[in-house]
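Asks: coords below, sequence missing:
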């Protein structure tokens, strides 16, 4: 695996690969890689000739009160994991390389960026959309992989790519989970031993809501209240817990058959997010 830190260098190499007719699969990350990221790498390998990963802790998507400075920086370990999975190229730029004149042009996706996680993290999805646009323009992948755990992010990226006619196929990959159901996340490392024991309650709530919906329950508000109560009893501070239309991320009607339950909650220092999709 070759690692590049400069835009012009990785562009030159990838342009050469494309001229030889090779397709490019791309996995953008913040680093601190885990098995969930490796699943994205394997999926990219299955769909493309060349696999490119990026590791960039994007300051634009962290608010002033968030964990930018504390976010784990594990580039050496990340490189070892990527090499083991057969990744061809890693792009690991500095903030100065990606924002040489600071933040100027921004990509804003209205409405979708202001609900759910966007309501709690103002500007977060503008940062995500902007950096993904930059990375897509640099790497010019044929296909890019994103985890379904960050379902709102996946939805926003798909809208952005469609609206801006960016020629990349966006593929969502099923959420990776620990044996007890906890969604894999770099922020799980913030959990204490006791918090780690409580963390699977979030997934258990999602399963209970999914089962209730499949059995005919349609009082979404009551289902949300029950889940929030369970989370609080387990030591969580719920941010949101909503049953939504999977395609629009709006409150579903009784006729909607493609639903999703999305949740975010604070447990100690960790903000955990998760979701489950439901087909009725």
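Replies: Okay, I see it. Note that the coordinates shown come from a computational prediction; the quantities given were computed from them, not determined experimentally. Numbers count the residues shown, from 1 in each chain.
Asks: any weak-confidence spans in this protein?
Replies: Applying pLDDT under 70 to the chain picks out no residues at all.
Asks: domains in it, as residue ranges please.
Replies: 2-173, 186-279 (automatic domain parsing).
Asks: and the shortest one, how far apart are its ends?
Replies: The first and last residues of domain 186-279 sit 29 Å apart, counting by CA to CA, to the nearest Å.
Asks: Next: the first one.
Replies: The distance separating the two terminal residues of domain 2-173, taken as CA to CA, comes to 25 Å.
Asks: re the thing from before, using CSV, lay out the domains of the chain together with distance to residue 180.
Replies: Using the backbone N, CA and C atoms, a C-beta is placed for each residue, glycine as well. Output for the domains of the chain, formatted as CSV (distance: least, CB to CB, whole Å):
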stretch, distance to residue 180
domain 2-173, 14
domain 186-279, 4
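Asks: Ok, which of these comes nearest residue 179?
Replies: domain 186-279 (9.4 Å; CB to CB).
Asks: Make a markdown table out of the domains of the chain and add distance to residue 179 and mean neighbour count.
Replies: Output for those, formatted as a markdown table (distance: least, CB to CB, whole Å; neighbours: other CB atoms under 10 Å):
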| stretch | distance to residue 179 | mean neighbour count |
| --- | --- | --- |
| domain 2-173 | 12 | 18 |
| domain 186-279 | 9 | 17 |
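Asks: where's the nearest residue to residue 125 once chain neighbours are set aside relative to residue 43, distance?
Replies: Leaving aside its chain neighbours, residue 125 sits nearest to residue 113 (3.8 Å; criterion: CB to CB, 6 or more residues apart in numbering). Here residue 113 is placed at a distance of 26 Å from residue 43 (CB to CB, to the nearest Å).
Asks: my read: residue 273 touches residue 263, true?
Replies: Yes: Residue 273 lies in contact with residue 263 (CB atoms under 8 Å); the separation is 6.8 Å.
Asks: the longest helix in the protein is where?
Replies: helix 124-139 (DSSP state H).
Asks: same for that helix, what does it pack against?
Replies: Applying 3 or more CB pairs under 8 Å, 6 or more residues apart in numbering; DSSP states H and E, we find helix 124-139 packed against helix 7-19, strand 24-29, strand 50-55, strand 89-91, helix 117-120, helix 151-163.
Asks: and of these, who's closest to residue 137?
Replies: Here helix 7-19 is closest among the helices and strands packed on helix 124-139 (CB to CB), at 9.4 Å.
Asks: one step back: kindly present the helices and strands packed on helix 124-139 as a markdown table, with separate columns for distance to residue 183.
Replies: Shown next, in a markdown table, are those (distance: least, CB to CB, whole Å):
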| stretch | distance to residue 183 |
| --- | --- |
| helix 7-19 | 31 |
| strand 24-29 | 16 |
| strand 50-55 | 20 |
| strand 89-91 | 25 |
| helix 117-120 | 14 |
| helix 151-163 | 11 |
